[in-house]
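>>> any chance you can model this:
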Amino acid sequence: MSFIDRFLDSITMYRLMLYYLIGLLIASVVLSALHVLPFSPFSLIVSVGFLTVVCLATNEFFSAAFHAPTNNESAYISALILALIITPIASFQDVWLLFWAGVLAMSTKYILAIHKKHVFNPVAIAVVLTAIGINGAASWWVGTTSLAPFVLVGGILIVRKIKRADLLYSFIIASLATSVLFAILSGGDVFKTVTNIVLNSSLLFLSFVMLTEPLTTPPTKKKQILYGVLVGFLSAPQLRIAGVYGTPEIALSIGNIFSYIVSPKYKLLLRLKEKIPYGTDIFDYQFFLGKKLSFVPGQYMEWTLPHKNPDARGNRRYFTIASSPTEDTLHLGIKFYPQGSSFKKTLFSLDANTPLVGAQLSGEFTLPKNPQEKCVLIAGGIGITPFRSMIKYLIDTNQPRPITVFYANKMASEIAYREIFDEAQKDLGIKTVYTLTDKNTVPKEWKGKVGRIDAHMIQEEVPDYNERTYYLSGPHAMVTANATTLQEMGILTNKIKTDYFPGFA
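Numbers count the residues shown, from 1 in each chain. I've put the predicted structure just below:
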């Protein structure tokens, strides 16, 4: 694993975004001090400070009013984005623009929400409303040639972290294609048009920072591509509809409506029912559900657990749902580490009085629609959670499938959900191959495999291995190693589906 991969694994997407925005503002202060940017570093610093105070105060007020968990990380991010797209304070009028932009960015998350899910990107809809209400528009000053390298480098890390390159590409291609078409039709300079859009417009910042905001993005790859194309087309600066030229914030807000229509429309506040241990540091968390949750086995959600003094990983995580849609309780499989994050420490002591907030149901790590398609599911450690969801669903719906499961753990005591997989083998003929990787802790009565999952083990247990689709879930290093093994065995890349499980640390 490279240094960059280790860094990205150690930090949440939101904290990475926060550091990225702070880096852009530091670069902007330096460039303004060098007179590269057309405003003073003092005015920029004042704008950032003012927006931060406004966003934090507004967020606290509406969080209390709506009895919703406070998320200051979100307020910081919104304030920094606003500081990068609204020209820094130069007059008293600018103060009012910043004030209302901050208030609207925070308040619309609560007011323009349906079933506790906000519809619009908070910053985008805020600057749309300020343009309409007080004639104060965003300048998108961050879209300049001098800042483009900084925007690009950090943006690549963001997209690599969240694995939404298809969304990015679809947006950029659609935006450039639309602008080029307008340039050709008007007899303009195509090269100059492309250069200006890439280096001197909102394109890069909008795509890396605001387009990819998880809560207003569609849940599946195909819908994300359509979303990217729609926003890219509408954000072309030459586009004019009903006498109104397109702006980045209008384009994104319209795209958010599309995203809301095609996305799940609920947010969960869950109370702990029971916590069952598997070994010393693995637990199955079970939560009460008011009604059964509609999802596809293998999907994940974003979970928020507000707590004091969150560390660099923040107060939000992505965990795969371990339960089946057929169950009345929601299961999360969690592994804890001695030097775990503040989130995990808070989660470890969670009781029924503290709600865990779930949102943003997403993911395409799901079983094929064709029940006859042969599959191999390979899990390492707590990466077994999506397979627990899948197999439990097949048991409850009585669906025999040609599936073989490989489940690797360091010690036998770490095996989670064994009762589910044993039941599937008994009732559906779905075989699970258990293996222990720590040879020094193998019990005398152990009847499973010993050692890491490798080509020999797969070929021995699955004679028709070259006819199968493979699903890999677990730690990043384990997933990468098994994907390499399968490729060396001649398995095509499109037959290997990976699910990096982000719930570590």
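>>> burial measure for Thr354, as a count.
As a burial measure, Thr354 scores 15 neighbours (other C-beta atoms under 10 Å). (Each C-beta comes from the backbone N, C-alpha and C, glycine too.)
>>> cool, Ala83 as well?
Burial of Ala83 is recorded as 28 neighbouring residues (other C-beta under 10 Å).
>>> not counting sequence-adjacent ones, nearest residue to it?
Closest residue to Ala83 in three dimensions, ignoring its sequence neighbours and counting by C-beta to C-beta, 6 or more residues apart in numbering: Val48, at 4.6 Å.
>>> surely the one you found and Ile81 touch.
No. Applying C-beta atoms under 8 Å as the test, Val48 and Ile81 come out as separate, 10.9 Å apart.
>>> higher neighbour count, these two?
The residue with the greater number of neighbours, taking Val48 and Ile81 and applying other C-beta under 10 Å, is Ile81; the counts read 29 against 22.
>>> the host helix or strand of the more buried one - contacts with which helices or strands?
Secondary structure assignment for Ile81, by DSSP states H and E: helix 72-85. The helices and strands touching helix 72-85, judged by 3 or more C-beta pairs under 8 Å, 6 or more residues apart in numbering; DSSP states H and E, are helix 13-33, helix 41-65, helix 92-111, helix 122-133.
>>> hmm, who's touching the first one?
When contacts are taken as C-beta atoms under 8 Å, 6 or more residues apart in numbering, the neighbours of helix 13-33 outside the stretch itself are 8, 11, 37, 39-41, 44-45, 48, 73-74, 76-77, 80-81, 83-84, 142, 146-147, 150-151, 154-155, 157-158, 161-162, 209, 214, 312-314, 316.
>>> who touches Tyr266 in this structure?
115-117.
>>> same thing but at 6 Å, please
Applying C-beta atoms under 6 Å, 6 or more residues apart in numbering to Tyr266 gives the contacts His115.
>>> tell me the pLDDT of it.
The per-residue pLDDT reported for Tyr266 equals 73.
>>> for the residue sitting furthest away from the middle of the chain, what are phi and psi?
Outermost residue of the chain with respect to the C-alpha centroid, by C-alpha atoms, centre = their mean, is Lys444; its distance is 43.0 Å. According to degrees, to the nearest 10, the main-chain angles of Lys444 amount to phi -60, psi -30.
>>> kindly report the same for Ile11.
The phi and psi values for Ile11, taken as degrees, to the nearest 10, are phi -140, psi 150.
>>> how far away is it from Asp311?
Counting by C-beta to C-beta, to the nearest Å, the gap from Ile11 to Asp311 is 10 Å.
>>> and if you look at Ile430?
Relative to Asp311, Ile430 is positioned 40 Å away (C-beta to C-beta).
>>> now Met411
28 Å.
>>> do the same with Ser323
According to C-beta to C-beta, Ser323 stands 28 Å off from Asp311.
>>> Leu82 now?
The spacing between Leu82 and Asp311, counted by C-beta to C-beta, is 26 Å.
>>> who's more crowded, these two?
Neighbours were counted for Leu82 and for Asp311 using other C-beta under 10 Å; Leu82 has more, 27 against 17.
>>> mind listing what the more buried one touches?
Leu82 sits next to 51, 101, 123 when contact means C-beta under 6 Å, 6+ apart.
>>> excluding chain neighbours, give the residue nearest to the first one in space.
Nearest in space to Leu51, with sequence neighbours left out and distances taken as C-beta to C-beta, 6+ apart, is Ala79 at 4.1 Å.
>>> residues contacting that neighbour?
Taking C-beta under 6 Å, 6+ apart as the contact definition, Ala79 lies against 51-52, 55.
>>> who wins for neighbours among those?
The member of the contacts of Ala79 surrounded by the most neighbours (other C-beta under 10 Å) is Cys55, with 28 neighbours in all.
>>> wait, isn't that residue in contact with Tyr76?
No. Proximity of Cys55 to Tyr76 does not meet the contact threshold set by C-beta atoms under 6 Å, at 7.4 Å.
>>> after the lowest-mean-pLDDT helix or strand in the chain, next one along is what?
Per-element confidence for the chain was summarised using mean pLDDT, DSSP states H and E. The lowest value among helices and strands belongs to strand 244-245, with a mean of 71. Per DSSP H and E, strand 244-245 leads on to helix 248-262 as the next helix or strand towards the C-terminus.
>>> average pLDDT across that following helix?
If you average the pLDDT values across helix 248-262, you get 94.
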